[in-house]
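[1] using only what follows, build the 3D model:
(one chain, ligands or ions: 3)
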Amino acid sequence: MSFPFCNVSLPVPLRTTFTYAVPESLREMVRPGTRVLVPFRKKAMVGVVVELTEHAPADTKIREITKALDREPALTPKLIELGHWIANYYLAPVGEMFRAMLPPVIEMRTQRQITLTEAGRDAVASLSGGELTHGLARVEVEFLAKLAGKKEPLAFASAAKFGLDAGALERLRRQGLIEIRETVLGRTAKTQRVLAWKKDAEKDNAETQRAQRFHGDESQGVGGDGAQNVRGDEESGGPKSERDFDDKVRRVRDELAERGALPLALLLKLAGVSRAVVERMLREGLLESWEERVDPAEDPFDVGYEAPAHELNAEQESAFGAIRARFELGEFGVLLLHGVTGSGKTEVYMRSVQETLARGKTAIVLVPEIALTLWVGRQCRAWFGARFEGVAVLHSALSDVERAREWWRVRRGEARVVVGTRSAVFAPLENLGLIIVDEEQENSFKQEETPRYHGRDVAIVRAKMENAVALLGSATPSLETYHHARNGKYELLTLASRVANRSMASVEIVDMREDFQRTHQTNPMSSALRAGIQECLQQGTQALVLINRRGYSWSVLCRSCGASVQCANCSISMTYHKHRNRLECHYCGSIQSVPKVCPKCESKYVYFFGEGSEHLEERLRKEFPGARIARLDRDTARTKRQYQETLGAFAGGALDILVGTQMLAKGHDFQRVTLVGVISADSSLHLPDFRAAERTFQLLTQVAGRAGRGELAGRVLIQTYYPEHYAIQDAVRQDYGSFFEREMHFRRMMQYPPFTSLANVIVRDTSLEKAIVWSRQLSEYFLPYDGKGARILGPATAPLARLKKEHRFQFLLKSPRRSVLTRVLGGAMAYCEAEEIPQTAVLVDMDPLSLL
Ligand code: ADP
Ligand code: ZN
Ligand code: ZN
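    Ligands and ions are numbered 1, 2, ... in the order given. The predicted structure follows:
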C-alpha cells in the first residue's frame, strides 16, 4: 500500500514533525527512515521521514517532497522508535534528535552492484550440463555464469552489455539468484589533502605583511561572529573585502601554528573559512599542501600490533560465564562489570563481543573519550577485523567524509562491530546483540547540548528495545548504577584484583599546606612530585602528570582594582593561552587580545593567575631539560592523528613525561608508567554541585589505575589542600565500597539521585527583561504542582548567570517518581507554546549531571 503523505523530522529546534505530500514518482522510494529533500520556509532542507500517513492536517498548505536521498532508508525502524523515545524522555526537539542520529549529509559516489548468491552459484553449477531450469533464458544463464567467474561484483550499468535489462535483473533478484546492492565507491580511498603554513611565508609575502598590520586590534573578538558563520558570503565569489580576508588568513595561521599540519576539511571547520580562502592563500604562497594516505587498513597505530589473547583468570572466567549465560537466555538484561583498574575488563569485553558475533549478532562498544577509541578500536580490529572485515569506528574527530563512510559501512552490514564515543550508541546496526559501555560513570557520555541525552542510559533503553544485553564496566561505577546492581535490577559481576597478582599502585597524599610552609615556594609541583619525576628519569621509567585546566593561566587579574578579565558573552573569566598569545573563553570560544593595562581602571598591574597545562608543560621543560616531554589536552589534540602521535610516542617509550588534562586519567594501558602526579586533586571538590565528591573520587581512583600496570610497581602522588575529605581518603585506599556507603548517606540526607529524580530547567535570553518575564510566567505554571509529588525550586539566577550572551534563570525539579517530572514538564512545554514563549528559550535537562 502506498501512502500519499509522510511526516518528516527536520533539523530545527521545534518539538514537532512536518507533513509533506509524496509525489507519485517517489512513492516506491520513500519509506520511514528515508532522508528527503524538502522545501521549508524559503529554504531546501534535508530531513528524515519518520512515518507514512494517509491523511494530512486539514488546515495547512501541504508541500511536496523534492527528492528522496536514499534508496535504502538511512534509519531502521528500531532507530526511529529509539529517536522518539529520547525526544519524549528528554523533552528534546524531535528534529535535533534525528539529526544526531543521521550521518553527515555529503555527496557520496555510489554504485549499484550485482553479486551472485549461493542459490545463483548452485544454479550455475547445475546448469553446466546445458539444461535450462528455473525458467531461465539462455542470455540469463550466460550472464550468471559470467558472474560466477568474476571475483569482483559487477556494476549494474554494465549488465546491459550482456543483453539484460532492468526488468530481467529484477526477476533474477526475486528468484534469489543475484543480489543488487548499493555500494559507496572509494571506501578505501586513499589520500587526503593536508595543509601547512609555509615557513618563510611571513618574510616573502607582501600580503601577509599587510595582514600583520591588523594584528594589533583583535579586540572586537574574532570569535563572536567570526568563528562560526563566515561561510555564506564567500562561496559565490572572492572574499568581501581585503580586511575580511586578512582576518581569515590570521585564523588559518593560528590553527596551523598551533597544530602543525591539518587535513583540508578539518582546517576549514576549525578556522571557519571557505575553500576559496584556502585556495587563494595557496596561490599567494602562504600555505603549502600535499596528499597523505588515509587508508584505514593501514592505520599506523596498528602496525606491528597483536592483540594479547590471555587465558582468562578465575575471576574473569566467572564474569564471562555469567555474560554467556545471559546470552543463552536470549533476552534483555543489564550487567555491571565492577573491576578494579588493571583487572582485565577489556579481555572480558573482547570475549563477549566474540561470543555475540558467533551468535550471528552485532555489537557496539562505547568508550568515554576519543583517545580510547584508538586502543579499543585497535584491539577490536586485531580480534575481529580479519575474520568479519567489519570493525567501524565512530567519533566526532573524524572528518564528515570519514564519518559518513564509516556510518554507511555499518548501515550496509559491512561492519558488525562499532567502537565509538557517545553518539555511536545510534550506530545503525541491525540484529544487535550487545552494547558495552566502558567506564560507564564518565560524564562525557552525557551530551551537554540539545538533545541532552545520556549515552549510557540510551544504551540500556536501546538494548531493551532490541532484546540485547547491556554490559556496563567500571572500576568506580556511578552511584546510580551501583545502586541498581545492589538492589538486583542489574546483575553484578566483580573483578576484585589485578591480573597476574599485580598489586594496586601505592597512593600517597601530599598536603600542599605543609609543603608550602616548608618551602615557601608557589610552584604547583610539590618537592615530592619533583623528586619522584627525577627518579623516573634516572630509572628510565615514565611519569604522567595531571592538571585539571588547559591553557596557560586561568585568570587575568588587576592588582589595583581586583577586577578579572571576563568574557564579554559569559560570566566566566578568560583563560590566557601563551602560545596563541590571546585570551579565550572556554565556554563560548570567544577571543580577546592580551590586555597590557586593566580594561576597567587602566592600571598597568595586570597579572596572570592559576596555572594550566600549558604553563605546567613549560615548567617541566625548564626543570627537566633533558627529558622528552609532551602535552595532551584539547588544545594539542583535536585530530585522530594528533592523539595517535602523542599516545603512540608515549606508549612506545619515545617520551618520558606526559602532561595533560583528565583525558589522560582513564582507560590507557601504559606499561612503563611508575609515577602519576595529580596537581590539584581537590579543585573539583569546591564546585557548587552535588556530584563534586563522586567526581573527585572517581577521577583520583582512575588516575591511580594508570600507574604500575606492567611489571613495574606504581606510585601515585595526590596533591591537595584538603586531605581530610572522605572522597580523597577513600581514593587513597582505593576503597569503592567505603566511598559508596558514605556518599549514599549524603545523597539520602539531601534528597539527591539516586534517591530522587532531578530535572534542571533553564530559561534564557539575550534580553534580561524577557528572561525574567518568562521565568515568572513559568513559575506561575509550576506553582500548583509544587508539593504534589514533586518539589519545584526556583526561579533563581543560574550559577552560570550569563552564557553566550544569554541571561539565565534556573528551576530545579525533584521527585521520587520520574514519571511525575515528565508529566509536569510535558505540560510546561505545552504551556510555553500557548503563551508564545519560544521553545529555544526554555532548556530542559533531564537527569542533569551538572547544575551549572
Ligand atoms: P582494566 O580495563 O580492567 O583496567 P585491562 O583490560 O586494560 O584492565 O587489562 C590490564 C592488562 O592486563 C592488559 O595489559 C591486559 O593485556 C592484561 N591482561 C588481561 N587479562 C589478563 C590475564 N588473564 N592474564 C594476564 N594478563 C592479562
Ligand atoms: Zn584594574
Ligand atoms: Zn564566553
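[2] which residues does stretch 27-34 contact?
    Applying CB atoms under 8 Å, 6 or more residues apart in numbering, the contact partners of stretch 27-34 are 2-3, 6, 22, 36, 48-52, 65, 68-71, 73-77, 79-80. Quick note: C-beta positions are derived from backbone N, CA and C, even for glycine.
[3] can we see that at 6 Å?
    For stretch 27-34, the external contacting residues (CB atoms under 6 Å, 6 or more residues apart in numbering) are 2, 22, 49, 51, 68, 70, 73, 74, 75, 80.
[4] just after the lowest-mean-pLDDT helix or strand in the chain, pick out the following helix or strand.
    Lowest on mean pLDDT, DSSP states H and E among the helices and strands of the chain sits helix 223-226, with a mean of 31. Once the chain leaves helix 223-226, the next helix or strand it forms, by DSSP states H and E, is helix 242-259.
[5] what distance separates that following helix from the centre of its chain?
    Offset of helix 242-259 from its chain centre (CA atoms, centre = their mean, to the nearest Å): 27 Å.
[6] which residues of the stretch 451-600 of the chain fall in strands?
    In the stretch 451-600 of the chain, the segments counted as strands under DSSP state E, counting those that start in this stretch are 469-474, 491-495, 506-511, 542-546, 553-558, 575-577, 582-584, 591-592.
[7] what's the closest of those to ligand 3?
    Among the strands of the stretch 451-600 of the chain, the nearest to ligand 3 by CB to the ion is strand 582-584 (8.7 Å).
[8] hmm, that closest one in reach of ligand 3?
    No - applying CB under 5 Å from the ion, one finds strand 582-584 out of contact with ligand 3, separated by at least 8.7 Å.
[9] that strand - contacts with which helices or strands?
    strand 575-577, strand 591-592 (3 or more CB pairs under 6 Å, 6 or more residues apart in numbering; DSSP states H and E).
[10] just send those strands back as CSV, with distance to residue 725 too.
    Shown next, in CSV, are the helices and strands packed on strand 582-584 (distance: least, CB to CB, whole Å):
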stretch, distance to residue 725
strand 575-577, 27
strand 591-592, 36
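[11] show me where the stretch 601-750 of the chain has helices.
    613-623, 640-651, 692-704, 726-733, 736-750 (DSSP state H, counting those that start in this stretch).
[12] for the record, mean pLDDT for the longest one?
    Rounded to a whole number, the mean pLDDT of helix 736-750 is 94.
[13] next secondary structure after that helix?
    As assigned by DSSP H and E, the chain's next helix or strand after helix 736-750 is strand 757-765.
[14] residues making contact with that next one?
    Here strand 757-765 makes contact (CB under 6 Å, 6+ apart) with 771, 774-775, 798, 806, 808-811, 813-815, 818, 821, 841-846, 848, 851.
[15] what pLDDT does the closest residue to residue 491 other than its chain neighbours get?
    In space, and not counting its chain neighbours, residue 491 is closest to residue 335: 4.6 Å by CB to CB, 6 or more residues apart in numbering. pLDDT for residue 335: 98.
[16] hang on, residue 335 in a strand?
    Yes - counting by DSSP: H, G, I helix; E, B strand; the rest coil, residue 335 falls inside a strand.
[17] that one: how many residues sit nearby?
    Using other CB atoms under 10 Å, residue 335 is surrounded by 21 other residues.
[18] just residue 325 next, same as before
    Neighbours around residue 325, by other CB under 10 Å: 11.
[19] thinking residue 547 is in contact with residue 617, fair?
    No - between residue 547 and residue 617 no contact is recorded; they are 9.3 Å apart, counting by CB atoms under 6 Å.
[20] outside of stretch 741-748 itself, list whatever touches it.
    With contacts defined as CB under 6 Å, 6+ apart, stretch 741-748 is touched by 693, 694, 726, 755.
[21] buried only: go through those for me.
    Buried members of the contacts of stretch 741-748, scored by 16 or more other CB atoms under 10 Å, are 693, 694, 726.
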